[in-house]
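# dropping the sequence and predicted coords here.
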Amino acid sequence: MMTATLRADRRAVEISWPDATSATFPALFLRDNCASGFHPQTLEREFDLTSVPLDLQIASAAIEGTELVVSWAGEDLVSRFPSGWLHSHRPGTPQDDPAAVRPHSWRADLTKADLPRAAAADLLAHDDKLLTFLVAAKRTGLAIVDGMADDAEAGMTVARRIGFLRETNFGITFEVMSKPDPNNLAYTSHALPLHTDLTNQELAPGFQFLHCLSNEAEGGGSTFADGFAVAADLKARDPDAFDLLARTAVPFRFQDAEYDIRKHHTVIQRDHFGAVSEIRFNAHLAGVFDLPTERMEDYYRAYRTLMAMIRDKAYVMTTRLNGGEMVIFDNRRVLHGRAAFDPSTGFRHLRGCYVDRGEFDSRIRVLSRGMTAVKAA
């Protein structure tokens, strides 16, 4: 049975559960999360925290059934907190998140056959299969959809099943093919070294969808590398280089006749817990480094070390996309590139779009909610 003990100063309640876990809940935390303070439909908080004193006290706290029942000093209000909610929201405990998928790092031993794979028709028709695929795709950062319709819009149809498409200065969609007067190396037949897209943006796009409509030209093999694996190995081998790339922002820039988009970023981004959360590497979009002279040489050493590792065959998976396949990858984790191809030997055309990470994660959460409801029923 859950028990509650009101602290002597009446500004916190200690809760203990039968599984031997316990937690102390400050009065302000409980008052801020009282159900009465949320809109019943939108679930947005309407409670004004400044309407209660900073030293708010609890008049009484007791357990009724499976709920903590709290009354407040100076307020004619009773708040109820279910045991499950309290246990899930213990202070200092991250909330359960179905989209918090632990990355599975990989190197050159990963093959195309090892990648998560699903048929487009299944993803469009079945929520459970879409959820399984999205979780697997997030785990590896790279996945394949096959059985794509012979339709230029087919990739967008699958992407929109997941979330809103991210528009950039290249448009909502982009055509990866050799064409005259290109404003990006992707629109040539040249080799593309491994990179992440649009590092010059304030927020680089999340997941990229590349639908292979045709790939008949000689050459043009696709290359991928797991930036998280490279970063982990760099940290182990050369912690100083890792730290420099993770704390020093450098400029990235894209410019053409209509746009001049620039942003300083660190090449390695860590989250609030210190784990690597993003890789931003695109030598073609790197601006002129504006570091002080005394830091420039050390930074170049670290930058070259990472560049050499990214090109190391130990990290690179090389494959060939076939017509009717679509590759999906986390653009802020997985670096991608291609070998040069000869456009005179056949047509090569990939059509792409982006869905941001937030949209991708949202779909996982909503679908997980649905699957939980089905299991509970």
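Cool, the structure landed. Numbers count the residues shown, from 1 in each chain.

# residue 348 bridge partners, please.
The partner list for residue 348 in beta bridges (DSSP bridges) reads residue 215.

# what sits up against the helix or strand where residue 365 lies?
In this structure, residue 365 sits in helix 357-376 according to DSSP states H and E. With contact meaning C-beta atoms under 8 Å, 6 or more residues apart in numbering, helix 357-376 is reached by 97-99, 101, 127-128, 130-131, 134-135, 138, 162-164, 206-207, 330, 332. (C-beta placed from N, C-alpha, C; glycine too.)

# for the residue nearest to residue 289 when sequence neighbours are not counted, give me phi and psi.
Spatial nearest neighbour of residue 289, chain neighbours left out: residue 250 (5.3 Å); criterion: C-beta to C-beta, 6 or more residues apart in numbering. Dihedral angles phi and psi of residue 250 (degrees, to the nearest 10) take the values phi -130, psi 160.

# I'd assumed residue 286 was in contact with residue 250.
Yes. Using C-beta atoms under 8 Å, residue 250 makes contact with residue 286 at a distance of 6.8 Å.

# residues near the nearest residue to residue 350 once chain neighbours are set aside, how many?
For residue 350, ignoring the flanking residues on the chain, the nearest one in space by C-beta to C-beta, 6+ apart is residue 176 at 4.0 Å. For residue 176, the neighbour count with other C-beta atoms under 10 Å is 20.

# buried sites along stretch 262-280?
Residues 263, 265-269, 276-280 are the ones in stretch 262-280 that count as buried (16 or more other C-beta atoms under 10 Å).

# still on that earlier bit, what's the PyMOL line that selects buried ones from the contacts of helix 357-376?
Per 16+ other C-beta under 10 Å, the buried members of these correspond to this PyMOL selection:
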select buried, resi 98+99+101+130+131+134+135+138+162+163+206+207+330+332
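
# the contacts of helix 357-376 in strands, which ones?
Counting by DSSP state E, the part of the contacts of helix 357-376 found in strands is 207, 330.

# which ones are touching residue 263?
Residue 263 neighbours (C-beta under 8 Å, 6+ apart): 199-202, 251-252.

# looking at those, which are in strands?
Cross-referencing the contacts of residue 263 against strands under DSSP E gives 251-252.

# quick one: low-confidence residue ranges for the stretch 101-250 of the chain.
Applying pLDDT under 70 to the stretch 101-250 of the chain flags residues 177-190, 219-220.

# mind listing the helices for it?
For the stretch 101-250 of the chain, the helices defined by DSSP state H, counting those that start in this stretch occupy 120-125, 127-140, 154-162, 227-237, 239-247.

# swap in the stretch 251-377 of the chain?
Secondary structure of the stretch 251-377 of the chain by DSSP H, counting those that start in this stretch: the helices cover 293-311, 357-376.

# ok and the first one relative to helix 227-237, angle-wise?
Per axes from the mean of the first three to the mean of the last three C-alpha atoms, to 10 degrees, the angle that helix 293-311 makes with helix 227-237 is 120 degrees.
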